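Asker: what's the 3D shape of this:
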Amino acid sequence: MPFLRGKLLDNGPSDRARQELQWLLNKLEAYYNYVASKSSVEEKHLQAMKSFYREILMVLSLGRA
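Answerer: Sure thing, here's the model as predicted:
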């Protein structure tokens, strides 16, 4: 996660975007740790990861970054 945080947060996003990205990355990391503790990855876990991806892209693409 440090690489992802560095790339997203240090590339000049606005303060609001940085806050939103930081919140999303914290949630993503917590969810990643939750899924990592499971014995298998289910479709619902993959769908949730795709949702994080879409939300991060929205923050970056809607001019908030």
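Asker: what's the burial count for Leu60?
Answerer: Leu60: 16 surrounding residues under other Cβ atoms under 10 Å. C-beta coordinates here come from the backbone N, C-alpha and C atoms, glycine included.
Asker: Contact partners for it?
Answerer: Neighbouring residues of Leu60 by Cβ atoms under 8 Å, 6 or more residues apart in numbering: Leu8, Pro13, Ala17, Leu21.
Asker: Quick check: buried residues in the helix or strand containing Leu28?
Answerer: Using DSSP states H and E, Leu28 sits in helix 15-36. For helix 15-36, a neighbour-count test (16 or more other Cβ atoms under 10 Å) marks Ala17, Arg18, Glu20, Leu21, Leu24, Leu25, Leu28, Val35 as buried.
Asker: can you list contacts of it?
Answerer: Residues outside helix 15-36 that contact it (Cβ under 8 Å, 6+ apart): 1, 4-5, 8-9, 13, 41, 45, 48-49, 52, 55-56, 59-60, 64-65.
Asker: next structured bit after it?
Answerer: Where DSSP H and E defines the elements, the next helix or strand beyond helix 15-36 is helix 43-61.
Asker: tell me which residues in that following helix are buried?
Answerer: Judged by neighbour count (16+ other Cβ under 10 Å), helix 43-61 contains these buried residues: Ala48, Phe52, Glu55, Ile56, Val59, Leu60.
Asker: what's the weakest-modelled helix or strand in this structure?
Answerer: Lowest on mean pLDDT, DSSP states H and E among the helices and strands of the chain sits helix 2-9, with a mean of 84.
Asker: Check which helices and strands that helix sits against.
Answerer: helix 15-36 (3 or more Cβ pairs under 8 Å, 6 or more residues apart in numbering; DSSP states H and E).
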